[in-house]
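A.B. asks: Sequence and predicted structure below; questions after.
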Amino acid sequence: MACEPVYEPPICPAGSDRAELRAEIALKLAEVLQTVREARAYLLAVRRLIEHSDDALEDLVGLLAADGRRDLAACVQVEVIEENFVAERWVTRLIEEFDRNYYAAFQRMEENIPAEVGHVSGDEVLDAVVRSVIDP
């Protein structure tokens, strides 16, 4: 990987071998990647919910106007539909920045860490999972 570690990690914990350590690295990497993917999915869900809300608000404005309540329709239009819920940003822009600045780093980790540390077999990961359950 291109970045230098900020601290000096221990070379290998006493009583463990390199295969075991690599399996633990693979497990932790998988956990980290799953968490950030879940966070990204929540951001995408927020965007979908807000888009749905915006569509429903447009309908509400039309219904209020049809009922002769143009004042309320204008209020909803100005205060909600045209208002950015996050100052200076739209949800889509937040997701784009998340993908570009944060998620992309995790994608690089997913490629680089196994290449740098060495690929781990499924059996080694399974052994690490079993050990983590037996000896938490």
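C.D. replies: That came in fine, so what should we check first? Here the structure is a predicted model, which is why all the values come from computation and not from measurement. Numbers count the residues shown, from 1 in each chain.
A.B. asks: Could you report the separation of A19 from E96?
C.D. replies: Per CB to CB, to the nearest Å, A19 is found 40 Å from E96. All C-beta atoms are positioned from the backbone trio N, CA, C, and that covers glycine.
A.B. asks: if you count what's nearby, which of these two comes out ahead?
C.D. replies: The neighbour count for A19 versus E96, taken as other CB atoms under 10 Å, is higher for A19 (15 against 12).
A.B. asks: Secondary structure element for that one, which one?
C.D. replies: Using DSSP states H and E, A19 maps to helix 18-66.
A.B. asks: continuing past that helix, what's the next helix or strand?
C.D. replies: helix 70-76.
A.B. asks: Need the contact partners of that following helix.
C.D. replies: Identification of contacts with helix 70-76 by CB atoms under 8 Å, 6 or more residues apart in numbering yields 57, 60-62, 64-65.
A.B. asks: tell me which residues in that helix are buried?
C.D. replies: Buried residues in helix 70-76, counting neighbours by 16 or more other CB atoms under 10 Å, are found at 73, 76.
A.B. asks: Off-centre distance for the next helix or strand after that helix?
C.D. replies: As assigned by DSSP H and E, the chain's next helix or strand after helix 70-76 is helix 91-98. Distance of helix 91-98 from the chain centroid (CA atoms, centre = their mean, to the nearest Å) equals 11 Å.
A.B. asks: from the chain's centre, how far out does stretch 99-108 sit?
C.D. replies: 9 Å.
A.B. asks: same check, this time on stretch 19-32
C.D. replies: Averaged C-alpha coordinates place stretch 19-32 at 20 Å from its chain's average position (CA atoms, centre = their mean).
A.B. asks: for the helix holding A19, packing partners?
C.D. replies: Applying 3 or more CB pairs under 8 Å, 6 or more residues apart in numbering; DSSP states H and E, one finds that helix 18-66 contacts helix 70-76, helix 91-98, helix 104-117, helix 122-134.
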